[in-house]
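Engineer: next one to model:
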Amino acid sequence: MPASISTIAIGIIGAGFAIFSFLRDVLVLVIASCSAFSFIIGLLLVYFLLTKNQPARTAVFKRQLKRFSILVPVMIGCTLLLMGIASKQYAVSMLGGLVLLELVVIEFILSRTRSRGKIAIVRYFLVLGAVAGNIMFGFLARGTLPARSGSQVWKLHVIDNPGMVLPNGLDPGDVDKDGFLDYVTNYEWDGNVRVAFHPGSVDPAILHEPWPAITVGRVANAESSCLGDVDGDGNLDVAIAHGSELGAASGVKVIWGPAAPESKNPSAWQDGGDMPATVDQGQFHFIRARDVNGDGRMDLVIGGRGTNPMAGLKWLEAPAGSVNRRDLALWDMHEIDPTLESGHGFQFGDVDADGDDDIAICNSDWDTPDASEMVAWYENPGDGSPAQQSPWPKRVIYRGPEFYGKEQVVLHDFSGDGFPEVVMQVADHVYFFINPAVPGLNNNASWSLVRVAKPDETWQRCRPIGVADFNNDGNVDILGMLIHSDGYLAESKATVFWMEHDSTPPLSSTWSTHPIKWGDGFSGFSTFNGEKWDMFQVVDVDADGDKDIVADCEEFHSFGFVFMAVVWFENPLL
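Structural biologist: The predicted structure is shown next:
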């Protein structure tokens, strides 16, 4: 094979390995990059030894090598740059730009040296250093670099930060039965599912340190997880909604939890596999445990997105009678809305005050058409009713194109009439959808909308929202969290904040906004690849009489592979 063709082939193979591995796992990238470039250098050395007495062929080879030693790194840099722009992951673009910039510097330096025969080899080594060096830093730094202290208004404490990618699905439960809430989280890219245990002490010296945590199982593309006693044995189990990935089917997996004394032993948790009814039935991305039909057995509600097939919104009914609920083939799946575009972040609540749990949701997602975006609620046909096994009546509250991606809703009776309002936030406002207060079935009454403006420091794409009394004044406040916009989130934005209403009634009053955490930007010094908050729970973690916040941050400081994962914010009130 001619030398030029072999050089191109080897370079392309090395670049392909590097690019593919970058997307999947940083450790594999380091191995693949080093192996590919080392293989190139090894071939060069062998070639020079075999052709040392053939000066003519060697001269031709050196000219070709010099040419393609520029071409291959340029291809790598441009590919990373374009991939990052296309996927809106600007950290990848910056890495590609770094490679290209370094090539310019290298060419400037080498053009003024006399070591022209070694230029090609030097190029390869320097490009290897630019790529593998940064990736190696990212691998070593995973989960080790904290948020900058200047961004914290409420003190942030790490609960669990194993350096895994894309933590999702935060859900509470007292797994070890010590009287304190523990939390399950799944890591989407790594596939690991972890339970973090409250230390069982409110001593700050213990509580402010990372909590004991274990990996209880694994599944590809783990999108969301929840805790619940699925098999009815009195112990909390874990259910995971997962999508399809690299040939792995989507579905709902269950991991059986052990008795409380064994709950911190990873080997005591048993993989129960997927529920057969859910396999390849859509891209599931949200799950919660709930007794939907009021029979005393824990059911599961799942939402998803995509169109092939459309996951929609469904519930999984626990088998009745004395049968073994661990036989997952006995679980039946029922449609709540088979045509829902995105079923992330739904909330349970008795919207029509008829005594059963309805479901409220915003269907926004990155691929939900603007014309289809809505806030809606699903009317429960009644506990134990056969109609629960058919699609539930959908009541559209509002349609509008201003949503972006998985905005969550919360239910709370702000008007004091016994009917909960549906509350959510968009980039520039908090929306209060006022319940028409019409009880009973077939409630098609129209809802009114009250918009409360958010201050400039909170104008940003957003997702989580909640309600709680954060200052112990007897009034319910609002908690909001932001997500980056295609990588952008400035340090001047309050990425976590609470809104205090200054008078009653809250729906007509003014609101004061208080930051809990400012943005960290990109590695603390720029605005790209900032934070993306996913879920939270409001709970008095340290038992001091005020409400703290437990949350998971899905994305944080992507360029350095530094993740914040699961944290808690300590309320400074008490």
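
Engineer: give me the below-cutoff pLDDT ranges for the protein.
Structural biologist: Of all residues in the chain, those with pLDDT under 70 make up the ranges 1-77, 79-146, 440-442, 521-529, 557-563.

Engineer: can you list the domain ranges for it.
Structural biologist: Domain assignment for the chain by automatic domain parsing gives 3-141, 149-570.

Engineer: let me know which of these is tucked in deepest.
Structural biologist: domain 149-570 (a mean of 19; mean count of other Cβ atoms under 10 Å). Every residue, glycine included, has its C-beta placed from N, CA and C.

Engineer: and the closest residue in space to residue 198 that isn't next to it in sequence, how close does it get to residue 196?
Structural biologist: Ranked by Cβ to Cβ, 6 or more residues apart in numbering and with sequence neighbours excluded, the top spatial neighbour of residue 198 is residue 180, at 3.6 Å. Going from residue 180 to residue 196 by Cβ to Cβ, to the nearest Å gives 11 Å.

Engineer: what is in contact with the two at once?
Structural biologist: Residues within reach of residue 180 and of residue 196 at once, by Cβ atoms under 8 Å, 6 or more residues apart in numbering: there are none.

Engineer: can you dump the C-alpha coordinates of the helix or strand hosting residue 549 into PDB?
Structural biologist: According to DSSP states H and E, residue 549 maps onto strand 548-555. What follows is strand 548-555, C-alpha atoms only, in PDB (Å, rounded to 0.1, in the frame of the first residue of the first chain):
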ATOM      1  CA  ASP A 548     -34.000  23.000  53.000                       C
ATOM      2  CA  ILE A 549     -33.700  21.800  49.400                       C
ATOM      3  CA  VAL A 550     -32.300  18.500  48.000                       C
ATOM      4  CA  ALA A 551     -31.700  18.700  44.200                       C
ATOM      5  CA  ASP A 552     -29.900  17.000  41.400                       C
ATOM      6  CA  CYS A 553     -28.000  19.000  38.700                       C
ATOM      7  CA  GLU A 554     -28.200  17.100  35.400                       C
ATOM      8  CA  GLU A 555     -25.400  19.100  33.700                       C
END
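
Engineer: so residue 540 sits right up against residue 546, yeah?
Structural biologist: Yes: judged on Cβ atoms under 8 Å, residue 540 makes contact with residue 546 at a distance of 6.5 Å.

Engineer: helix, strand, or coil at the spatially closest residue to residue 406 that is not a sequence neighbour?
Structural biologist: In this structure, residue 406 finds its nearest non-sequential neighbour in residue 344, 4.3 Å apart by Cβ to Cβ, 6+ apart. Three-state assignment for residue 344 (DSSP: H, G, I helix; E, B strand; the rest coil): coil.

Engineer: wait, what's in contact with residue 344?
Structural biologist: If a contact means Cβ under 8 Å, 6+ apart, then residue 344 has 224, 285, 286, 303, 305, 365, 406, 408 as its contacts.

Engineer: what distance do you get for the last one to residue 179?
Structural biologist: For residue 408, the distance to residue 179 equals 28 Å [Cβ to Cβ].

Engineer: and if you look at the third one?
Structural biologist: As for residue 286, its distance to residue 179 is 28 Å (criterion: Cβ to Cβ).

Engineer: repeat that for the fourth one.
Structural biologist: The span separating residue 303 from residue 179 equals 31 Å under the rule Cβ to Cβ.

Engineer: contacts only, for residue 461.
Structural biologist: Residue 461 is in contact with 404, 405, 427, 482, 483, 484, 485, counting by Cβ under 8 Å, 6+ apart.

Engineer: and which of those is nearest residue 247?
Structural biologist: Ranked by distance to residue 247 (Cβ to Cβ), the contacts of residue 461 are led by residue 405 at 26.7 Å.

Engineer: run me through the strand neighbours of the strand holding residue 549, direction for each.
Structural biologist: strand 532-539 (antiparallel), strand 565-570 (antiparallel) (DSSP bridges).

Engineer: nearest to residue 217, of these?
Structural biologist: Closest to residue 217 of the strands paired with strand 548-555, according to Cβ to Cβ: strand 565-570, at 16.9 Å.

Engineer: residues in contact with the closest one?
Structural biologist: 143, 154-162, 164, 167, 170, 183, 185, 196, 496, 516-517, 541-542, 548-553.

Engineer: measure the residue nearest to residue 406 to residue 362 for me?
Structural biologist: For residue 344, the distance to residue 362 (Cβ to Cβ) stands at 9 Å.

Engineer: shared neighbours, those two?
Structural biologist: Contact with both residue 344 and residue 362 is made by residues 406, 408, according to Cβ under 8 Å, 6+ apart.

Engineer: quick check, residue 287 in contact with residue 227.
Structural biologist: No: look at residue 287 against residue 227 with Cβ under 8 Å: they stay out of range, at 10.5 Å.

Engineer: tell me the one among the contacts of residue 344 nearest to residue 264.
Structural biologist: Nearest member of the contacts of residue 344 to residue 264, counting by Cβ to Cβ, is residue 224, at 23.2 Å.

Engineer: Three-state assignment for that closest one, please.
Structural biologist: strand.

Engineer: that one and residue 169, how far apart?
Structural biologist: Residue 224 is 4 Å from residue 169, by Cβ to Cβ.

Engineer: what residues are shared contacts of the two?
Structural biologist: 186, 240, 241, 286, 287.

Engineer: bridging residues for residue 514?
Structural biologist: Beta-bridge partners of residue 514, as defined by DSSP bridges: residue 498.

Engineer: quick one: contacts for it?
Structural biologist: 153, 497, 498, 499, 500 are the contacts of residue 514 under Cβ under 8 Å, 6+ apart.

Engineer: just put those in TSV and tack on distance to residue 255.
Structural biologist: Shown next, in TSV, are these (distance: Cβ to Cβ, whole Å):
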residue	distance to residue 255
153	37
497	35
498	34
499	38
500	40
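
Engineer: fine by me, thanks again.
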